[in-house]
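1. sequence isn't available, so here's the structure alone:
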């Protein structure tokens with residue numbers, strides 16, 4: 001008898017931004033943001049400083065999340081749950097920054113749960129954003145390199161006309177309330 005968990009045909013990864021938790025120590029948050037700025041501008045190459053950044057980043061990502069200290073995380077998980085209900089597929093929520101799991105971990109986990117394909121999507125709908133255009137495809141490429149036979153699709157960009165319809169419907173629903 002096979003005791004392995006049954007694999008799904010399709011697994012969805014919901015790529016979210018992420019926010020720092022409200023109760024993360026302010027001094028460590030400031031230190032992390034200062035280090036991120038230095039690294040982004042190429043002003044740091046010292047191994048010790050990079051390690052300090054990675055430790056603070058990991059501490060923030062692993063910080064316990066609640067509805068109160070991180071409403072965005074709570075909303076992201078709710079969206080993932082609702083997407084799973086709507087699609088009938090398992091959904092793994094991954095984050096670009098500040099929260100765990102990061103996108104590489106989420107996509108890798110999804111690859112392990114499917115025999116066929118992983119679809120990565122994001123609610124970041126408009127073109128031009130650094131995460132949707134750069135960070136998410138880069139995470140997919142890293143995982144694809146690790147699992148070359150995996151089929152990983154990125155369901156992005158969104159057609160602008162469909163975004164406009166969605167927003168118009170949202171506006172109409174609120175107008176009906178007043």
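-> On my side now, so go ahead. Please read these numbers as outputs of a predicted model, since none were measured by experiment.

2. for the rest of this, base every contact and every neighbour count on C-alpha atoms.
-> Noted.

3. which residues of this protein fall in strands?
-> 8-16, 91-95, 114-121, 151-154 (DSSP state E).

4. strand partners (parallel or antiparallel) of the third one?
-> Yep, that's strand 114-121 we're talking about. Pairing partners of strand 114-121, with direction, according to DSSP bridges: strand 8-16 (parallel), strand 151-154 (parallel).

5. can you lay out the ones you listed as CSV showing distance to residue 166 and mean pLDDT?
-> Formatted as CSV, the strands paired with strand 114-121 follow (distance: least, Cα to Cα, whole Å; pLDDT from 0 to 100):
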stretch, distance to residue 166, mean pLDDT
strand 8-16, 19, 96
strand 151-154, 20, 98
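
6. before we move on, back to that, comparing the strands of the chain, which comes out most buried?
-> strand 91-95 (a mean of 25; mean count of other Cα atoms under 10 Å).

7. what's that one in contact with?
-> 11-18, 76-77, 80-81, 83-84, 100-107, 110 (Cα atoms under 8 Å, 6 or more residues apart in numbering).

8. just the buried members of these?
-> Neighbour counting with 16 or more other Cα atoms under 10 Å marks 11-18, 76-77, 80, 83-84, 100-107, 110 as buried within the contacts of strand 91-95.

9. narrow these to those in helices?
-> 76-77, 80, 83-84, 103-107, 110 (DSSP state H).

10. can you add distance to residue 116 and pLDDT and give these back as JSON lines?
-> Formatted as JSON lines, these follow (distance: Cα to Cα, whole Å; pLDDT from 0 to 100):
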{"residue": "76", "distance to residue 116": "25", "pLDDT": "98"}
{"residue": "77", "distance to residue 116": "24", "pLDDT": "98"}
{"residue": "80", "distance to residue 116": "20", "pLDDT": "98"}
{"residue": "83", "distance to residue 116": "19", "pLDDT": "98"}
{"residue": "84", "distance to residue 116": "17", "pLDDT": "98"}
{"residue": "103", "distance to residue 116": "19", "pLDDT": "98"}
{"residue": "104", "distance to residue 116": "18", "pLDDT": "98"}
{"residue": "105", "distance to residue 116": "18", "pLDDT": "98"}
{"residue": "106", "distance to residue 116": "16", "pLDDT": "98"}
{"residue": "107", "distance to residue 116": "13", "pLDDT": "98"}
{"residue": "110", "distance to residue 116": "10", "pLDDT": "98"}
